[in-house]
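A.B. asks: Sequence plus predicted model, see below.
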Amino acid sequence: MTTYIFGALPDLEEGDIFPNRKALTEAGIHKVLMGGIDGNPRQGASSIVLNGGYVDDFDLGDEIIYTGHGGNDPNTGRQIKDQSWESPGNKALLVSELHALPVRVTRGYKHHSAFSPKSGFVYGGLYQVTEHFEDRGKDGFLICRYRLQKIQPGSTMPPEPIQSLPAGNEDSKRQTSTVLRIVRDTKLSRELKALYDYTCQICGLRITIKGIGYAEAAHIKPLGKPHNGFDKADNLLCLCPNHHVMLDKGILTLTDEFEVLGGEYEKVTFKADHALDGENIRYHRAHIFINE
DNA sequence: GGGCCCGCAGGG
DNA sequence: CCCTGCGGGCCC
């Protein structure tokens, strides 16, 4: 079983140039030699390559509409049948979206955009998958599409808002579309969500989208001014979106015994490897909770 | 530039 | 094993 490294790599910087796909593989950026999506349906996709393989790709630099794989005639590069969300790489990109994993993006010389190199392959930095939708491509077959937005280096903010819509053909009609609240996750929040298998610690709900779990990591004592909480496991809960909002807005809070105040649920559920710092709970109760 | 064809590595 | 995939080198 191969393990993928997600996110930044040591000694790799945006703009680094590689002569061919073999060099990308050797650098550990993109392990598969031919595939455009590097990953599997269980762990997610760590990297994609854009190299003109699919006619429906759309590249604005900081925002990319990427086409999933499958249904493509390798000789002509045109679609000859429908794509599926169940294809390994397509499902891997869904996992990357729902678990907020960073995706490395590399552009090749055959990719048509202002950002592609004249020869070889250029590393373009980290992106977040912010949306997936089904569309009818230029060749008339269903395609799996993903919106990727650039993670600005050093920024803790979510990616820039959507700049424009893909240039689909006139009669293309979206079959389904899923846009989640864009949350920038840290390595720690991803680990915590995986520990709880994307199950809410307050209500036990486990949301799945196309079979993939979705949860949010919620800070008890908020980060940044004026609260200055820490991004540490003892300040984090794995929650469903509703209970995340309710915690953030102070509709509910916790007692020192981890009972839930202000809701219909009784007690927070914990895994063995996870404990909270009581200081964070007391802070939330005193400064965030709205006791109405 | 396009067509052909021989690949590799990963995953079922 | 077999199948697949945004290679790559060669020819024209």
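C.D. replies: Here it is on my side, so go on.

A.B. asks: give the contact list for the closest residue to DNA strand C within the stretch 101-250 of chain A.
C.D. replies: Here the stretch 101-250 of chain A gets closest to DNA strand C at one residue, residue A:108, 5.0 Å apart by C-beta to the nearest atom of the strand. Yep, even glycine has a C-beta here, placed from its N, CA and C like the rest. Residues near residue A:108 by C-beta atoms under 8 Å, 6 or more residues apart in numbering: A:21, A:49, A:50, A:51, A:52, A:116, A:117, A:120, A:121.

A.B. asks: Which of those fall within helices?
C.D. replies: Helix and strand membership here follows DSSP state H; of these, those in helices are residue A:21.

A.B. asks: export the contacts of residue A:108 to TSV and tack on pLDDT?
C.D. replies: As requested, those are arranged in TSV below (pLDDT from 0 to 100):
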residue	pLDDT
A:21	93
A:49	96
A:50	95
A:51	94
A:52	88
A:116	91
A:117	91
A:120	92
A:121	95
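
A.B. asks: ok, the contacts of residue A:108 vs residue A:104, which is closest?
C.D. replies: residue A:49 (9.2 Å; C-beta to C-beta).

A.B. asks: is it true that that closest one touches residue A:24?
C.D. replies: Yes. If you go by C-beta atoms under 8 Å, residue A:49 and residue A:24 touch, sitting 7.2 Å apart.

A.B. asks: and for those two, which residues touch both?
C.D. replies: Residues touching both residue A:49 and residue A:24 comprise A:30, A:106, A:121, with contact defined as C-beta under 8 Å, 6+ apart.

A.B. asks: which residues touch the last one?
C.D. replies: Residue A:121 sits next to A:17-21, A:23-24, A:49, A:51, A:106-109 when contact means C-beta under 8 Å, 6+ apart.

A.B. asks: tell me which helix or strand of chain A sits lowest on mean pLDDT?
C.D. replies: For chain A, scoring each helix and strand by mean pLDDT, DSSP states H and E identifies strand A:177-179 as the least confident one, at a mean of 55.

A.B. asks: packing partners for the helix or strand following that one?
C.D. replies: Beyond strand A:177-179 in the direction of the C-terminus, DSSP states H and E gives the next helix or strand as helix A:187-195. The elements that helix A:187-195 packs onto, with contact taken as 3 or more C-beta pairs under 8 Å, 6 or more residues apart in numbering; DSSP states H and E, are strand A:216-219, strand A:236-239.

A.B. asks: Note down every partner strand of the helix or strand following helix A:187-195 and its orientation.
C.D. replies: Stepping forward along the backbone from helix A:187-195, the first helix or strand reached (DSSP H and E) is strand A:207-209. Taking DSSP bridges as the criterion, strand A:207-209 sits next to strand A:212-214 (antiparallel) in its sheet.

A.B. asks: Now the strand it pairs with: average pLDDT?
C.D. replies: Strand A:212-214 shows a mean pLDDT of 94 in the predicted model.

A.B. asks: what's in contact with that strand?
C.D. replies: Applying C-beta under 8 Å, 6+ apart, the contact partners of strand A:212-214 are A:91, A:94-95, A:98-99, A:180, A:193, A:197-199, A:206-208.

A.B. asks: of those residues, closest to residue A:81?
C.D. replies: residue A:91 (17.8 Å).

A.B. asks: what residues are up against the closest one?
C.D. replies: Under the criterion of C-beta under 8 Å, 6+ apart, the neighbours of residue A:91 are A:41, A:85, A:210, A:212.

A.B. asks: what's the neighbour count on the third one?
C.D. replies: If you count neighbours by other C-beta atoms under 10 Å, residue A:210 ends up with 14.

A.B. asks: who's in contact with it?
C.D. replies: A:85, A:91, A:94.

A.B. asks: mind running it again at 10 Å?
C.D. replies: Residue A:210 makes contacts with A:85, A:86, A:90, A:91, A:94, A:95, A:98, A:132, A:176, A:178, as judged by C-beta atoms under 10 Å, 6 or more residues apart in numbering.
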